[in-house]
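Novice: here is the input, now give the coordinates:
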Amino acid sequence: MSKRPFVDAAPSAAERDAGPRDVAVIDIGSNSVRLVQFRVEGRALWPVFNEKTMAGLGRGVGETGRLNPDGVKTSLRVLKRFSVLLDAKGVADRRAVATAAVRESRDGEDFIARAEAATGMKIETLSGEEEGRRSALGVLNGVGEADGLTGDLGGSSLELTALRGREIGASISLPLGPLAVGTADLKRAKAAIDAELASVSKLVKKSGSTFYAVGGAWRAFAHLALAVDEDYPLRLLHQFSLSARQVEQVAAFAMSQSEASLASVPDISSRRAAGLPYAALLLSRIMKKGRFEQVMISANGLREGVVCAANPDLVSEGDPLISGAEALARSVAPEPDFGRALEAWIEPAFAEETAVFGHRRDRALRAAAARLADLGARMHPDHRAELTATQILYAPIGGVTHAERAFLALTLHHRYAGKRSRDADCASRRLLDDDGETAALKLGLALRLGAALSGRSASVLGAFSLKRSKSTLALTVEAGGEALVVDRALQRFEQLASIFGLEPKVM
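Specialist: From the prediction side, this is the model:
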């Protein structure tokens, strides 16, 4: 029996270097000091440890020109703690950066010297432009390709950076953070916002259709949007998008509410509630000035970008969705290469299918689904379908919209549950139309057939091939492989052909 060669996209350099490794990023910001320990697998970055302290280092810098004394003490203590933690965890690759408060204060260099002496770490003070570029790198790592402008809102500054495809364009830093402008008087804040945006109107108005929002203040805005739209089925921020009209509606609501009312919204802290009306106003003005069609929330930003700046392959090569799917399934799949083989094996069945998300995106989604086909291998067989679908909906994978997540979740449900439907009110159905649901059923049954025929072995799968014509779906078995065909597999083949509206033919 020979193994049938299959066609697949060549793995990126990041994917070839698939061994997991840990990188720690320390972000010394105007409001907080944060440590994130990432596990790098292929192009995927998994945050495996995340801790922050609200040090308030930049509080009062605009008035005094110096870092907040209490914030300095807190930050030095926290940085020493982070150093000890990383020693205990054995994480040698450490990258520490400081942003607006440190670079704009008269005593910023002195603070960095004290922090380096206390921790033994080299700390890089980023310029506003470099901060914006690294934040944009983080966005690209999380969404794959982009068309628009990324905006990273911190305590003291706003970094705006143009994105096109996988390329980073012009970047500029504006003093529009809430600590720099103040949040008490929104009328005064609006004038300051409009004046700053007018100075960079060319960048804002010629930067594509999407504004990619980065930072805790805009994540709080997204939480408010989810609370306002009680019917939205997926409580997940990364790549959550709002139309320009929806932004206006939520912004108007945010600016009409009291701080106490906003603080009562789930997942919005009292500290974020205080600055939320300002963040809403700023987002509203940016959307109007840039005439953006939508805003997309990015959970990735500066810290992911710091990792990517030292590892350009994490942005320049590969697909974040496919890399994320491989990394997610690798630890549980009995045969990790099976997903790649399965991707190529099912493709002939979909050659004549009408696109759901676009032909290119549909191909990427099939590639990801094939890699995830064994995600439920270690789960209880009675619950695999439900548990796998839920895991896909909320997995920290990038490069996938909410509707595409729903499609993958429903696909993996059908991979384990066959034709049995999920509840009508589940997220994986409510985010899809009828065509999307049917396409997920077809793909799920194709994965189910490949698994049944091959025993989830790439080499055995090579004994079979699919071919589609106008009226038939043919399953060809290599000479000598007849013993591999059992009744259960034939039933699944007939079921798949029926869903496609084709006659099954075994050769």
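
Novice: got a list of what residue 102 touches?
Specialist: By C-beta atoms under 8 Å, 6 or more residues apart in numbering, the contact set of residue 102 is 28, 57, 67, 108, 111-112, 125. From N, CA and C alone the C-beta is placed, and that goes for glycine too.

Novice: distance of it relative to residue 86?
Specialist: 21 Å (C-beta to C-beta, to the nearest Å).

Novice: just to revisit the earlier point, compare the contacts of residue 102 and tell me which is most surrounded.
Specialist: In terms of neighbours by other C-beta atoms under 10 Å, those top out with residue 57 at 30 neighbours.

Novice: ok so it is a strand residue?
Specialist: No. Counting by DSSP: H, G, I helix; E, B strand; the rest coil, residue 57 is not found in a strand; it is coil.

Novice: would you confirm that it contacts residue 34?
Specialist: No. With contact defined as C-beta atoms under 8 Å, residue 57 does not reach residue 34; the gap is 11.8 Å.

Novice: any idea how far residue 90 lies from residue 48?
Specialist: 13 Å.

Novice: more neighbours: those two, which one.
Specialist: residue 48 (13 against 7).

Novice: which phi and psi does the nearest residue to residue 133 once chain neighbours are set aside have?
Specialist: The shortest distance from residue 133 to any non-neighbouring residue, by C-beta to C-beta, 6 or more residues apart in numbering, is to residue 171 (5.1 Å). The phi/psi pair for residue 171 (degrees, to the nearest 10) reads phi -140, psi 140.

Novice: residue 132 is in contact with residue 171, correct?
Specialist: Yes. Using C-beta under 8 Å, residue 171 is in contact with residue 132, at 3.6 Å.

Novice: and those two? Which one has more around it.
Specialist: Per other C-beta under 10 Å, whichever of residue 171 and residue 132 has more neighbours is residue 132, with 29 against 23.

Novice: please report how far the more buried one lies from residue 300.
Specialist: For residue 132 relative to residue 300 (C-beta to C-beta), the value is 14 Å.

Novice: which stretches in the stretch 151-300 of the chain count as helices?
Specialist: Assigned helices in the stretch 151-300 of the chain, in chain order: 178-181, 186-198, 201-205, 216-228, 244-256, 259-263, 270-290 (criterion: DSSP state H, counting those that start in this stretch).

Novice: mind checking those helices for the one nearest to residue 43?
Specialist: Residue 43 lies closest to helix 216-228 among those, at 23.0 Å (C-beta to C-beta).

Novice: by how many degrees do that closest one and helix 270-290 diverge?
Specialist: 90 degrees (axes from the mean of the first three to the mean of the last three C-alpha atoms, to 10 degrees).

Novice: related to what we said a few turns ago, inside strands: which ones of the contacts of residue 102?
Specialist: Mapping the contacts of residue 102 onto strands (DSSP state E) picks out 28, 125.

Novice: need the contacts of residue 102 in TSV (columns: pLDDT and distance to residue 204).
Specialist: Putting those into TSV (pLDDT from 0 to 100; distance: C-beta to C-beta, whole Å) gives the following:
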residue	pLDDT	distance to residue 204
28	97	28
57	95	29
67	97	31
108	96	29
111	97	33
112	97	32
125	97	26
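
Novice: closest one to residue 265 out of the contacts of residue 102, please.
Specialist: residue 57 (27.2 Å).

Novice: which SS class is the closest residue to that closest one other than its chain neighbours?
Specialist: Spatially, and ignoring its direct neighbours in sequence, residue 57 is nearest to residue 71 (3.9 Å; C-beta to C-beta, 6+ apart). Three-state assignment for residue 71 (three-state DSSP): helix.

Novice: pLDDT at residue 71, what is it?
Specialist: Looking at residue 71, its pLDDT stands at 96.

Novice: these two touch, right, it and residue 54?
Specialist: No. Using C-beta under 8 Å, residue 71 is not in contact with residue 54; the gap is 9.3 Å.

Novice: same drill for these two, tell me which one is more crowded.
Specialist: Applying other C-beta under 10 Å to residue 71 and residue 54 shows that residue 71 carries more neighbours, namely 22 against 16.

Novice: and that one, how close does it get to residue 30?
Specialist: Taking C-beta to C-beta, one finds residue 71 at 9 Å from residue 30.

Novice: find residues that contact each of those two.
Specialist: Going by C-beta under 8 Å, 6+ apart, residues that sit against residue 71 and also against residue 30 are 57-59.

Novice: so which of the residues you listed is the closest to residue 243?
Specialist: Nearest to residue 243 among those, with distances taken as C-beta to C-beta, is residue 58, at 33.3 Å.

Novice: contacts only, for that closest one.
Specialist: 29-31, 67-68, 71, 100-101, 105, 155-156, 179.

Novice: what of residue 466?
Specialist: By C-beta under 8 Å, 6+ apart, the residues touching residue 466 are 345-346, 348-349, 473-476.

Novice: buried ones among these?
Specialist: 345-346, 349, 473-475 (16 or more other C-beta atoms under 10 Å).

Novice: can you pull the pLDDT of residue 488?
Specialist: Residue 488 is given a pLDDT of 88.

Novice: now residue 17
Specialist: Residue 17 is assigned 50 on the pLDDT scale.

Novice: check residue 230 too.
Specialist: 87.

Novice: and the strands in the stretch 51-200 of the chain, which stretches?
Specialist: Under the criterion DSSP state E, counting those that start in this stretch, strands of the stretch 51-200 of the chain are mapped to 94-98, 123-125, 146-153, 158-165, 167-174.

Novice: out of those, deepest packed?
Specialist: Mean neighbour count, computed with mean count of other C-beta atoms under 10 Å, is highest for strand 146-153 among those, reaching a mean of 25.

Novice: who are the packing partners of it?
Specialist: helix 128-143, strand 158-165, strand 210-214, helix 216-228, helix 270-290 (3 or more C-beta pairs under 8 Å, 6 or more residues apart in numbering; DSSP states H and E).

Novice: so how far is residue 215 from residue 131?
Specialist: Taking C-beta to C-beta, one finds residue 131 at 11 Å from residue 215.

Novice: which of the two has more residues huddled nearby?
Specialist: Shown here are residue 131 and residue 215; by other C-beta under 10 Å, residue 131 has more neighbours (28 against 23).

Novice: that one and residue 197, how far apart?
Specialist: On the measure of C-beta to C-beta, residue 131 and residue 197 end up 18 Å apart.

Novice: where does the residue positioned nearest the centre of the chain land in three-state SS?
Specialist: Relative to the mean C-alpha position of the chain, the nearest C-alpha, by C-alpha atoms, centre = their mean, is the one of residue 398, at 3.0 Å. Counting by three-state DSSP, the backbone at residue 398 sits in coil.

Novice: under the pLDDT cut-off, which ranges of this structure? List them.
Specialist: The chain contains residues with pLDDT under 70 at 1-18.

Novice: wait, what's in contact with residue 39?
Specialist: By C-beta under 8 Å, 6+ apart, the neighbours of residue 39 are 20-22, 45-46, 48.

Novice: residue 486: which of the helices and strands packed on strand 146-153 is closest?
Specialist: Going by C-beta to C-beta, the one of these nearest residue 486 is helix 128-143, 43.0 Å.
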